[in-house]
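In: Predicted model follows, preceded by the sequence.
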Amino acid sequence: MKERLEKAIKEALGELGLPSVDFSLEHPKELSHGDYMTNVALIVGKQESQNPIELAEKIVENFNNQKIEGIEKVGVAGPGFINFTLKREAFAKALSDAQDKEWGNTEVYAGKKILVEHSSPNLFKPFHIGHLMNNTIGEALYRLAKRSGAEKATPISFPSDISLGIAKAIYVLREDFGKDFFPSDISVLGDAYVRGTKAYEDDKYGEETGIHPVIRDIANKLYSKDPSGEYLDIYEKCKDFNIKYFEKVVETLGSKFEGYIFESEAGEKGKTIVIDNLEIFQKSTGAIIYVPEESKKLHTAVFINSDGNPTYEAKDIGLLYLKFKNYNNPDISITVTDNQQTSHFDVVIDAAGKINPLWQKNSIHRSHGRMTFKGAKMSSRLGGVPLAEEMINAVVEEVKEKNKDISEQSAREIAVSAIKFTILKAKAGSNINFDPETSLSFEGDSGPYLQYTAVRAGALIEKGKALNISPSPESPVVGTETLERLVARFLEVVERAQREWAPHYIVTYLLELAQEFNSWYGQGKIVDEGDVSGTAYRLYVASSVRQSLINGLWVLGIETP
RNA sequence: GCACCCGUGGUGAAAUGGAUAUCAUUCCGGUCUUCGGAACCGUCGUUCCAGGUUCGAAUCCUGGCGGGUGCACCA
């Protein structure tokens, strides 16, 4: 349709003896303005110094002579915009497609291999609300990829299983529990991590002072996988325990990873790569660093420290190597991190491009803001960072307060959907401050509102079934035109979200759709025994709305009850 | 100091350079013979400041002001 209109506009310009110009042809923001609008008269008017409204009227007259197929009406509005309203038949195909589970699948990345890395945990820290945010966004990006026609979309994670920080935690665990320590609860490890950091800062733990050399030695043993160290034994047990914990947590959030690249593997590989590329990196005071060109306005970064161990930067180089090797050179490789890491990532990618241009070309970095959570119920650990579980529980309490009879599982589903929705409705990048009292509503703009609307549509269809009326496109009725337009638009909304890797477009769209549906619902009877053919059509529309909501929510990682 | 991100009703957000800046929430007023009301309808209320570019600026440019983050061996 869009191409047809573009052609018609060009034809009109030619017939009227007007210059051909670059014009836009878009959906107007306001649905009541029609289905497409063009600014062609404004552009020509400017160029030819003519009144744009009069020009627009001439162009419209030409359109009417052209008798373009599928157009209901063309009009001039505002300062000289031309609005096109399509005939209802234009949406028939979309409405029919929207009856199907596959509705919303696109061809945006047809045949591509897409890798999405997200949720990367520190294996000695519990899953906190920062991970919750990362997981929600990462999972949504993965699901967008999955519906984009990609040959393969793969979600992976990059767990931190090795660092000086982890050595600090191991040290504390060994001191407190002896060499036979066995982890029983994640919080024990989290506490050890925090206390280890503190001990290292103070250079004192318990009675013992001057612990730096001991901890550095542990770190070295971990890096070199020294089998003689009893610390390694504790470490391995903690690592196993943690991976299981991580998998359990993300499963309740609806994600599953197809693979992991551990920081320990990436570090080893990264170190080798850096050492093999000393023409790109350089030595400085015992360390190996990377100095970007001045014009790039990036900072110098240490890749291998003076102990000879890879830093986060070298680990990321190794990570890139392993991603492209293990996953068969993905066409798009997305990394989701906190936006504090943006400049770190820029430096790494700049250096990486010199080692292998593909690593730079195919990598995309999506960053998100930080999440804070106010609430007296929080027993904050980790220096004040609330755990994801604590936050979810607090919201579950809110849900139960609203509905006393609700089951634990349903309450949890609703709580998770409300949290995910709040994270995804904003353009990624800004910080979110959760206040369970005010910012997490279950009414209006919320996950539960969308779930509710989908369920409501489902209930209508069930009711129709009980009366032996099934959805049918045969006898269109008045009143559903706007809804039909909106349903048809779902496809391009998904496409845009995929192109820009921005799930929030889907959120905005679903809200608009749900509002329109609920408004229609309130206007009159949908299932009417006295009007079987009309009911069948209305159910057909309801069913298309329902499928759009379900599929849209799925992309957001929200299940429809 | 340098760099990056951000400033939209009381609050939380949306808006490909387009039309009267959109939605939610709060307050107030309504709908109710439910199709499962976590709904629907209505009222009040907003682009940090000053210039500039443009037919047209929340959006682009310059300069302020305010907030956040990052800048050498942590991750």
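Out: Looks like it arrived, so ask away.
In: Check the secondary structure at the nearest residue to residue A:456 once chain neighbours are set aside for me.
Out: Excluding its sequence neighbours, the residue lying closest to residue A:456 (Cβ to Cβ, 6 or more residues apart in numbering) is residue A:521, at 6.9 Å. Just so you know, the C-beta spots here come from the backbone N, C-alpha and C atoms, and that holds for glycine as well. Three-state assignment for residue A:521 (DSSP: H, G, I helix; E, B strand; the rest coil): helix.
In: pLDDT score for residue A:521?
Out: Turning to residue A:521, the model gives it a pLDDT of 94.
In: what do you get for the one 4 residues further on?
Out: If you check residue A:525, the pLDDT there is 91.
In: for it, what are its contacts?
Out: For residue A:525, no contacting residues are found, by Cβ atoms under 8 Å, 6 or more residues apart in numbering.
In: Next one: it from residue A:445, what distance?
Out: 28 Å (Cβ to Cβ, to the nearest Å).
In: Surely residue A:545 touches residue A:490?
Out: No. Residue A:545 lies out of contact with residue A:490 (Cβ atoms under 8 Å); the separation is 9.6 Å.
In: Is the residue in the stretch 401-550 of chain A that RNA strand B sits nearest to in a helix, a strand, or coil?
Out: Residue nearest to RNA strand B within the stretch 401-550 of chain A (Cβ to the nearest atom of the strand): residue A:444, separated by 1.9 Å. Recorded secondary structure, residue A:444: coil (three-state DSSP).
In: Could you give the number of residues near it?
Out: Counted with other Cβ atoms under 10 Å, residues neighbouring residue A:444 total 9.
In: cool, and residue A:534?
Out: Residues near residue A:534, counting by other Cβ under 10 Å: 19.
In: same question, residue A:45
Out: Quick note: residue A:45 (other Cβ under 10 Å) scores 20 neighbours.
In: pLDDT on the helix or strand harbouring it, on average?
Out: According to DSSP states H and E, residue A:45 maps onto helix A:40-48. Per-residue pLDDT over helix A:40-48 has a mean of 90.
In: hmm, that helix in reach of RNA strand B?
Out: Yes. Applying Cβ under 7 Å from any atom of the strand, one finds helix A:40-48 touching RNA strand B at A:42-43, A:46.
In: could you say what helices and strands that helix packs with?
Out: helix A:2-15, helix A:52-66, strand A:81-86 (3 or more Cβ pairs under 8 Å, 6 or more residues apart in numbering; DSSP states H and E).
In: Helix, strand or coil: sort out residue A:126 for me.
Out: Classified using three-state DSSP, residue A:126 is coil.
In: Mind pulling the model confidence for it?
Out: 87.
In: Low-confidence ranges, the stretch 151-300 of chain A, go.
Out: A:227-228 (pLDDT under 70).
In: how about the strands in it?
Out: A:152-157, A:204-205, A:208-209, A:259-260, A:282-284, A:287-290 (DSSP state E, counting those that start in this stretch).
In: Dump the ones you listed to JSON lines, plus mean neighbour count.
Out: Compiled in JSON lines, the strands of the stretch 151-300 of chain A are given as follows (neighbours: other Cβ atoms under 10 Å):
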{"stretch": "strand A:152-157", "mean neighbour count": "22"}
{"stretch": "strand A:204-205", "mean neighbour count": "16"}
{"stretch": "strand A:208-209", "mean neighbour count": "11"}
{"stretch": "strand A:259-260", "mean neighbour count": "16"}
{"stretch": "strand A:282-284", "mean neighbour count": "12"}
{"stretch": "strand A:287-290", "mean neighbour count": "20"}
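In: how about the ones you listed in a markdown table, adding distance to residue A:68?
Out: Conversion of the strands of the stretch 151-300 of chain A to a markdown table gives the following (distance: least, Cβ to Cβ, whole Å):
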| stretch | distance to residue A:68 |
| --- | --- |
| strand A:152-157 | 39 |
| strand A:204-205 | 80 |
| strand A:208-209 | 84 |
| strand A:259-260 | 52 |
| strand A:282-284 | 65 |
| strand A:287-290 | 58 |
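In: Tell me which of those lies nearest to residue A:329.
Out: strand A:152-157 (11.7 Å; Cβ to Cβ).
In: and that closest one, anywhere near RNA strand B?
Out: No. Strand A:152-157 does not reach RNA strand B (Cβ under 7 Å from any atom of the strand); its nearest approach is 13.1 Å.
In: what's in contact with stretch A:216-234?
Out: A:162-164, A:166-167, A:170-171, A:173-174, A:179, A:181, A:235, A:264, A:267, A:307, A:309.
In: Counting neighbours, which bits of that stretch end up buried?
Out: A:216, A:218-223, A:229, A:231-232, A:234 (16 or more other Cβ atoms under 10 Å).
In: The residues you listed: which two are farthest apart?
Out: Once Cβ to Cβ is applied, the buried residues of stretch A:216-234 give A:216 and A:234 as the farthest pair, at 17.0 Å.
In: buried ones in the helix or strand hosting residue A:401?
Out: According to DSSP H and E, residue A:401 maps onto helix A:388-402. Buried residues in helix A:388-402, counting neighbours by 16+ other Cβ under 10 Å, are found at A:388-392, A:394-396, A:398-400.
In: isn't residue A:557 right next to residue A:139, touching?
Out: Yes. Counting by Cβ under 8 Å, residue A:557 does reach residue A:139; the two are 4.5 Å apart.
In: shared neighbours of those two, anything?
Out: A:253-255.
In: which of the residues you listed are buried?
Out: Applying 16+ other Cβ under 10 Å to the shared contacts of residue A:557 and residue A:139 flags A:253-255 as buried.
In: what's the closest residue to residue A:62 other than its chain neighbours in contact with, if anything?
Out: The spatially closest residue to residue A:62, leaving aside those adjacent along the chain, is residue A:12, at 4.1 Å (Cβ to Cβ, 6+ apart). Contacts for residue A:12 (Cβ under 8 Å, 6+ apart) come out as A:59, A:62-63, A:66.
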